[in-house]
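Engineer: Sharing a model prediction with you, sequence too.
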Amino acid sequence: MSRTALLAAALAAAALTTAAQPPDKHDAVPTFGTSTELVYVRFHVEKKGGFLDGLKPDQIRVLEDGRPQTIALLETPSTRERTVAPDVTLALDVSSSVMDARLLDESLVKEVFLASLSQQARVALCAFGGELRCLTPPTRDADALMAGFEQAIAFSRQTRHEGTRLYASVADVCRRLDRTQKSQRAIVVFSDGLDNRGGKVGEAIQAAAEGDVRVYSVLLSQAFQTSSRNAAFGGVPNRAMYDYKKFELSKLAEESGGRA
């Protein structure tokens, strides 16, 4: 018998011996096969400091292990706006740091929700200071929203000097939004960016990602304007201009696909 035939016979015998041995109970771990036909991939494309909204399938490539994959559906803000009605929640910071400095401008809030209503959106209104309180459910009734704004002002007096629960409140709003309805979900946060109730911006970012919610931030501050005027006339810029808390709020907006 040749050496090649002998080696083949030895391997075959070893295979039979292995197959005849009972499996080790410790190795008998159940395994389950699975396959995926569709994967949802979220991404942002930036150009010159801004986000591109009008991408087309022929402008991007998706690779898996170096192999091109078919793009079954590309959903962008420009296409979603034509097909899916938006739900917008206004989250108003009514803490003492905002209200005492008169940073919450009623005309600005009204401008935002009227603009939202003009886009066929339903608008809800929540307010937060030391706690979160949602005052107006999603509606297209401008009078109901104005009534909710007045309730927010009254709530600011109740929560005075109780701190600012910013990021936990944003996370709570994200989790409360109705996910059963097909809609664009967005939160517009009016705040000075200060959180002194132990909230973490990462918690809000995660909640926004899990709920597919875009967060837009309106930074309430007079410090930036005052500092710019001082610097123009040779004054020393106010340190509040570099307040990292405001940059954290901007990060929340950017990470969720919104804007600050």
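Structural biologist: Perfect, I can see it now.

Engineer: Strands along the stretch 151-260 of the chain, start to end?
Structural biologist: 184-191, 213-219 (DSSP state E, counting those that start in this stretch).

Engineer: same question, the stretch 1-150 of the chain
Structural biologist: Going by DSSP E, counting those that start in this stretch, the stretch 1-150 of the chain shows strands at 46-47, 50-51, 63-64, 67-68, 86-93, 122-128, 132-139.

Engineer: could I get those strands as CSV with distance to Gly211 and mean neighbour count?
Structural biologist: Placement of C-beta: from N, CA and C, glycine included. As requested, the strands of the stretch 1-150 of the chain are exported to CSV (distance: least, Cβ to Cβ, whole Å; neighbours: other Cβ atoms under 10 Å):
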stretch, distance to Gly211, mean neighbour count
strand 46-47, 23, 8
strand 50-51, 19, 12
strand 63-64, 27, 8
strand 67-68, 31, 8
strand 86-93, 11, 24
strand 122-128, 14, 25
strand 132-139, 15, 18
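
Engineer: Which of those sits closest to Ile205?
Structural biologist: Ile205 lies closest, by Cβ to Cβ, to one member of these: strand 86-93, at 14.9 Å.

Engineer: The strands of the stretch 151-260 of the chain: which one's closest to Asp65?
Structural biologist: strand 213-219 (31.2 Å).

Engineer: could I get the closest one in CSV with only the CA atoms?
Structural biologist: Provided in CSV are the C-alpha atoms of strand 213-219 (Å, rounded to 0.1, in the frame of the first residue of the first chain):
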residue,chain,number,x,y,z
VAL,A,213,-35.8,61.3,17.7
ARG,A,214,-34.0,64.4,16.4
VAL,A,215,-33.1,67.0,19.0
TYR,A,216,-32.8,70.6,18.1
SER,A,217,-31.5,73.1,20.7
VAL,A,218,-32.2,76.7,21.2
LEU,A,219,-29.4,78.1,23.4
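
Engineer: The strands of the stretch 151-260 of the chain: which one's closest to Phe43?
Structural biologist: Distance to Phe43, taken as Cβ to Cβ, is lowest for strand 213-219 among the strands of the stretch 151-260 of the chain, at 13.9 Å.

Engineer: any idea how far Ser107 lies from Leu114?
Structural biologist: Between Ser107 and Leu114 the distance is 10 Å, computed by Cβ to Cβ, to the nearest Å.

Engineer: out of those two, which sits in the busier spot?
Structural biologist: Higher neighbour count among Ser107 and Leu114: Leu114, with 12 against 7, using other Cβ atoms under 10 Å.

Engineer: CA-only coordinates of stretch 102-122 in PDB, if you can.
Structural biologist: In PDB, the C-alpha atoms belonging to stretch 102-122 read as follows (Å, rounded to 0.1, in the frame of the first residue of the first chain):
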ATOM      1  CA  ARG A 102     -35.700  86.500  31.500                       C
ATOM      2  CA  LEU A 103     -34.100  84.300  28.800                       C
ATOM      3  CA  LEU A 104     -37.300  82.500  27.800                       C
ATOM      4  CA  ASP A 105     -38.800  84.700  25.100                       C
ATOM      5  CA  GLU A 106     -42.500  84.100  24.500                       C
ATOM      6  CA  SER A 107     -42.300  85.500  21.000                       C
ATOM      7  CA  LEU A 108     -39.400  83.100  20.100                       C
ATOM      8  CA  VAL A 109     -41.300  80.100  21.400                       C
ATOM      9  CA  LYS A 110     -44.500  81.200  19.500                       C
ATOM     10  CA  GLU A 111     -42.500  81.600  16.400                       C
ATOM     11  CA  VAL A 112     -41.100  78.100  16.600                       C
ATOM     12  CA  PHE A 113     -44.400  76.400  17.200                       C
ATOM     13  CA  LEU A 114     -46.300  78.400  14.600                       C
ATOM     14  CA  ALA A 115     -43.600  77.500  12.100                       C
ATOM     15  CA  SER A 116     -44.000  73.800  13.100                       C
ATOM     16  CA  LEU A 117     -47.700  74.000  12.600                       C
ATOM     17  CA  SER A 118     -47.200  75.500   9.100                       C
ATOM     18  CA  GLN A 119     -45.400  72.300   8.200                       C
ATOM     19  CA  GLN A 120     -48.400  70.200   9.100                       C
ATOM     20  CA  ALA A 121     -46.800  69.000  12.300                       C
ATOM     21  CA  ARG A 122     -48.500  68.200  15.600                       C
END
